[in-house]
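# only geometry, no sequence info:
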């Protein structure tokens, strides 16, 4: 098994983790699955670096592992527990319905990837996996009713965009990838600030109160 195959296998594993995330309603379970997804994405980038001899990709893989697999899940759980918020997350649909939605997203991603693979030299597995991550992330964004669930949905979309850029361009310049990680860090800080204020003023992380936080 070569590094290209292993990189694709890691992306498939990341999709499986996202598929499970779509229907999980417990914070600890969601954070653990995201950490696994981030580790697999980091491994995919590392195998890509081995296959193409791209030294800068090793740095990106390391930063992805530290930021996404370690720091973000840890701080999500710590913040919620520190403020006494419920670790039971809420959604507009039942977990079974969300699982079917995630399954449809993966199937639809496979169809889109077939067309993109014909028009480019990118591997089909990488394309299908990255598009599936984006669609599952959007599913989480439209189905979740709490800030934490929305935050994880955005992170899954970001992972899909990152993987898609890697598949289509063969790796973006290092400063572009570092800029994306910086933007992700800023988003996380802002989300934490909103979550703390929501918990302090309404004792809830539900998005129903977001309009009242303006001003």
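Alright, I've got the coordinates. Keep in mind that what you see is a predicted model, and the values were worked out from it rather than measured. Numbering: from 1, shown residues only.

# so how far is residue 2 from residue 37?
Per C-beta to C-beta, to the nearest Å, residue 37 is found 23 Å from residue 2. Where you see a C-beta, it was placed from the backbone N, CA and C, and this is true even at glycine.

# Name the residue in those two with the higher neighbour count.
residue 37 (28 against 10; other C-beta atoms under 10 Å).

# tell me which element the more buried one falls in.
According to DSSP states H and E, residue 37 maps onto helix 27-52.

# and that helix, average pLDDT?
Here helix 27-52 scores 90 as its mean pLDDT.

# right, and the helix or strand after it?
Helix 27-52 is succeeded, C-terminally, by helix 55-64 (DSSP H and E).

# so how far is that following helix from its chain's centroid?
17 Å (C-alpha atoms, centre = their mean, to the nearest Å).

# Dihedrals phi and psi, residue 53?
phi 60, psi 30 (degrees, to the nearest 10).

# That one: neighbour count?
Burial of residue 53 is recorded as 7 neighbouring residues (other C-beta under 10 Å).

# just for the chain, where's the confidence low?
1, 83-86, 169-215 (pLDDT under 70).

# Nearest residue to residue 134 in space, ignoring adjacent ones along the chain?
residue 160 (3.5 Å; C-beta to C-beta, 6 or more residues apart in numbering).

# what helix or strand is that neighbour on?
helix 147-169.
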